[in-house]
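*Asks:* Show me how the following folds:
(one chain, ligands or ions: 1)
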Amino acid sequence: MNDSETTSVLGISGSLRVGSYNSALLHAAVDVAPAGMTIDIVRLNDIPVYNEDVRAQGWPEAVATLRRRISAADAILIATPEYNYSVPGALKNAVDWASRPPEQPFEGKPVAIMGASPGRLGTARAQYHLRQCFVYLNSSVLNKPEVMVGGAPSLFDDAGELTDDETRERVSDLLLALAKAVRLARGAAE
Ligand SMILES: Cc1cc2nc3c(=O)[nH]c(=O)nc-3n(C[C@H](O)[C@H](O)[C@H](O)COP(=O)(O)O)c2cc1C
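*Replies:* Numbers count the residues shown, from 1 in each chain. Predicted structure coming up:
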């Protein structure tokens, strides 16, 4: 397998909590990733609240690491919770930090969004708000398949394993679409 057949994905969970369904969904993605795809997961726990005065003094270490890892990845996979019908502050804050110039790292990057919630709509509203941010950042957000995992408590076991085959298949389909988007982006760059 050469480099053109491998895809490095940076996984970002919008939840900071240990028992997060969204982090568990990302771990399920690692399990079902297609051959040649690696998914590394970055934690947002150490990202400070955005402050332009802080940025003016230099990137905080956790932000510099996040930006470096976004730039280095072929694609981004985000698992977002939904808070009050929108994107959780921790995730939006991380995107805000990462997006600041110079060298905005989301530019042109293939991005896949998924999310899990106990509610019936499975983060649909948060996903559409997040998608809007990436319009401004000029990323290539996949339109389909949509992975909106509702009723999460019944789909994961106590160890955080995604036990629902249909949802695993949907995540797998999303990753196949992401790998295809990376191939298309590479082709366009040649
Ligand atoms: C501040 C707050 C707001 C929430 N708002 C919503 C909501 O709008 N829609 C929804 O489906 N769930 C909502 N929830 C419930 C979350 O979906 C639930 O806590 C979920 O487990 C969070 O994701 P996580 O398991 O990855 O941490 C909210 C939770 C919190 C803490």
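*Asks:* Tell me where the model's unsure across this protein.
*Replies:* Along the chain, segments meeting pLDDT under 70 span 1-4, 190.
*Asks:* quick one: secondary structure of the residue nearest the centre of the chain?
*Replies:* Closest residue to the average C-alpha location of the chain: residue 78 at 1.4 Å, with CA atoms, centre = their mean. Applying DSSP: H, G, I helix; E, B strand; the rest coil to residue 78 yields a three-state assignment of strand.
*Asks:* How about the residues of this structure by the ligand?
*Replies:* 15, 17, 20-22, 81-85, 117-119 (CB under 6 Å from any ligand atom). C-betas here are computed from N, CA, C, even on glycine.
*Asks:* What residues of the helix or strand that contains residue 63 count as buried?
*Replies:* Using DSSP states H and E, residue 63 sits within helix 61-72. Across helix 61-72, burial judged by 16 or more other CB atoms under 10 Å covers 62, 63, 66, 67, 69, 70.
*Asks:* these two touch, right, the fourth one and residue 105?
*Replies:* Yes: using CB atoms under 8 Å, residue 67 and residue 105 qualify as a contacting pair, with a distance of 5.3 Å.
*Asks:* what's the helix or strand containing residue 40 in contact with?
*Replies:* Using DSSP H and E, the element containing residue 40 is strand 37-42. Defining contact as CB atoms under 8 Å, 6 or more residues apart in numbering, one finds that strand 37-42 is touched by 6-13, 23, 26-27, 29-30, 33, 65-66, 69, 73, 77, 175, 178-179.
*Asks:* any idea of the angle it forms with helix 61-72?
*Replies:* 160 degrees (axes from the mean of the first three to the mean of the last three CA atoms, to 10 degrees).
*Asks:* CA atoms of strand 37-42 as CSV?
*Replies:* Output of strand 37-42 as CSV, limited to C-alpha atoms (Å, rounded to 0.1, in the frame of the first residue of the first chain):
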residue,chain,number,x,y,z
MET,A,37,-7.4,4.5,7.0
THR,A,38,-6.1,5.5,10.4
ILE,A,39,-8.1,7.5,12.8
ASP,A,40,-6.2,9.4,15.6
ILE,A,41,-8.4,11.0,18.3
VAL,A,42,-7.5,14.4,19.7
